[in-house]
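1. predicted model and sequence below, questions to follow.
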Amino acid sequence: MSSIARTREFLTRRAPELRQTVRVTIAVGAAYAAYKLLGLQQGYWAVFTVIIVMQGSIGGTLGAATERMIGTLAGAVVGGLAAAFHSNTSLGIGIALVLVTGVTVWGAAVRPQLRVAPVTAAIMLLTEPAGAPVEQFVLDRIIEIGLGGLIGVLAMVLIFPARSHAVVVARSVAVLTRIQKLLLSEADALDRGEALVPSTEHPALRQALTAVEQALKDADRERASRLADHRIPPAIPRTLWRVRNDLVAIGGVLRTPLPTQIASTLAPAAARLLRAHAELTERCATALNAVTVVSRNDVTAAHLAFTETFSGLRQSGVMRALDFNAVGRVFGLAFTLDGLHRDLTDLADRIDEISTGIPERTVDS
């Protein structure tokens with residue numbers, strides 16, 4: 001591969017990181033220039049705020065800037081009051097610092113959006129210029145933080161706009177990729193007739209699902225502020241969580257191989273259904289990314305074949321020879337596979353609604 005091709009491949013692969021670097025760099029320069037032009041004595045807090053609040057999307061940056069502004073207001077008021085009434089001695093400042101820290105930390109514990117308030121209050125006390133009017137010092141801090149937040153949001157909106165819709169889609173696709181991997185590992189265990197080895201994918205899947213929910217909150221924040229819009233329904237992350245729970249339940253059943261009396265009949269049908277679900281998961285990811293409807297292909301046929309196989313085993317009387325625990329595991333597998341099929345089909349329906357513009361239903365299926 002030539003150096004030009006390698007450079008092009010690097011730029012393509014790292015495009016989101018490079019765009020964020022450009023945004024933050026320009027915003028920091030703008031914040032520095034703004035506080036110098038405005039003559040703010042400690043305007044470097046505007047620069048710090050830009051660096052802190054700028055996230056990977058407009059919604060994330062708006063949320064961080066809003067929380068920082070709320071925390072700054074609370075901390076500035078509490079710290080300013082303490083600065084106005086302490087005795088200007090080391091002991092007086094220390095007592096005031098302890099008191100305002102206790103008050104603001106309690107407030108942050110009750111309201112997480114106030115978590116920056118203790119920092120702001122401490123700064124107000126420890127960096128107060130001698131002889132400066134307290135009210136002017138408080139006002140300057142609010143202006144500096146507000147200026148940094150505003151510049152950060154404007155940079156996200158105007159420089160390579162990074163809307164949360166794309167982040168939700170990308171993170172959802174990453175979740176679906178992990179789900180597909182888990183489905184295939186469960187199918188492989190059935191094909192081999194071996195116990196399923198617990199996968200390390202589950203903790204990563206939980207984190208990925210939480211990231212999808214956070215991105216959707218950011219997208220909703222963008223829509224509420226009219227900075228951007230999206231068509232991702234909240235049913236998407238809810239359904240993904242249900243699919244993840246189905247996978248956990250199926251994995252619990254497969255940690256012990258199926259009873260030998262029925263394994264040769266039921267295991268192949270269950271494995272085929274899991275592989276069909278894995279293919280459906282891949283098609284869901286493709287459709288979500290391309291904003292198209294999901295191709296169902298042979299998923300329904302695989303589900304019907306498994307259901308008929310399971311019903312045939314029940315009618316044959318083979319399961320009467322199994323002990324209670326074995327029967328419970330077999331019925332548990334059938335129940336969870338049926339739930340997985342229902343949830344993945346529901347997910348495909350929700351993705352179809354995105355591409356066709358049909359409003360989300362009020363109740364999940």
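-> Yep, it's here. Numbering: from 1, shown residues only.
2. now do the same end-to-end measure for stretch 47-64.
-> End-to-end span of stretch 47-64 (C-alpha to C-alpha, to the nearest Å): 15 Å.
3. could I get the average pLDDT for it?
-> Stretch 47-64 carries an average pLDDT of 85.
4. return the set of buried residues in that stretch.
-> Across stretch 47-64, burial judged by 16 or more other C-beta atoms under 10 Å covers 47-50, 52-64. Every residue, glycine included, has its C-beta placed from N, CA and C.
5. what does stretch 149-160 give?
-> Those would be 149-153, 155-157, 159, for stretch 149-160 by 16+ other C-beta under 10 Å.
6. regarding this structure, what is its longest helix?
-> Longest helix in the chain by number of residues (criterion: DSSP state H): helix 324-356.
7. so which elements touch it?
-> The helices and strands touching helix 324-356, judged by 3 or more C-beta pairs under 8 Å, 6 or more residues apart in numbering; DSSP states H and E, are helix 235-254, helix 260-290, helix 299-316.
8. where does the stretch 101-250 of the chain have low pLDDT?
-> 128-132, 228 (pLDDT under 70).
9. save the buried residues of stretch 149-160 as JSON lines, and put in secondary structure and distance to residue 314 too.
-> Below are these laid out as JSON lines (DSSP: H, G, I helix; E, B strand; the rest coil; distance: C-beta to C-beta, whole Å):
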{"residue": "149", "secondary structure": "helix", "distance to residue 314": "63"}
{"residue": "150", "secondary structure": "helix", "distance to residue 314": "66"}
{"residue": "151", "secondary structure": "helix", "distance to residue 314": "67"}
{"residue": "152", "secondary structure": "helix", "distance to residue 314": "62"}
{"residue": "153", "secondary structure": "helix", "distance to residue 314": "61"}
{"residue": "155", "secondary structure": "helix", "distance to residue 314": "63"}
{"residue": "156", "secondary structure": "helix", "distance to residue 314": "58"}
{"residue": "157", "secondary structure": "helix", "distance to residue 314": "60"}
{"residue": "159", "secondary structure": "coil", "distance to residue 314": "63"}
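10. immediately after the helix or strand that contains residue 101, which helix or strand?
-> Per DSSP states H and E, residue 101 falls inside helix 90-110. The helix or strand immediately downstream of helix 90-110 is helix 117-126, counting by DSSP H and E.
11. buried ones in that following helix?
-> For helix 117-126, the neighbour count (16+ other C-beta under 10 Å) marks 117-125 as buried.
12. out of those residues, which comes closest to residue 344?
-> Distances from residue 344 to the buried residues of helix 117-126, taken as C-beta to C-beta, are shortest for residue 117 (44.4 Å).
13. wait, the closest one touches residue 107, no?
-> Yes. Residue 117 is within contact range of residue 107, at 6.0 Å (criterion: C-beta atoms under 8 Å).
14. quick check: neighbours shared by those two?
-> Shared contacts of residue 117 and residue 107, defined by C-beta atoms under 8 Å, 6 or more residues apart in numbering, are found at residue 74.
15. the residue most central in space within the chain - nearest residue in space that isn't next to it in sequence?
-> Nearest residue to the geometric centre of the chain (C-alpha atoms, centre = their mean): residue 211, 1.3 Å. Spatial nearest neighbour of residue 211, excluding adjacent residues (C-beta to C-beta, 6 or more residues apart in numbering): residue 171 at 5.0 Å.
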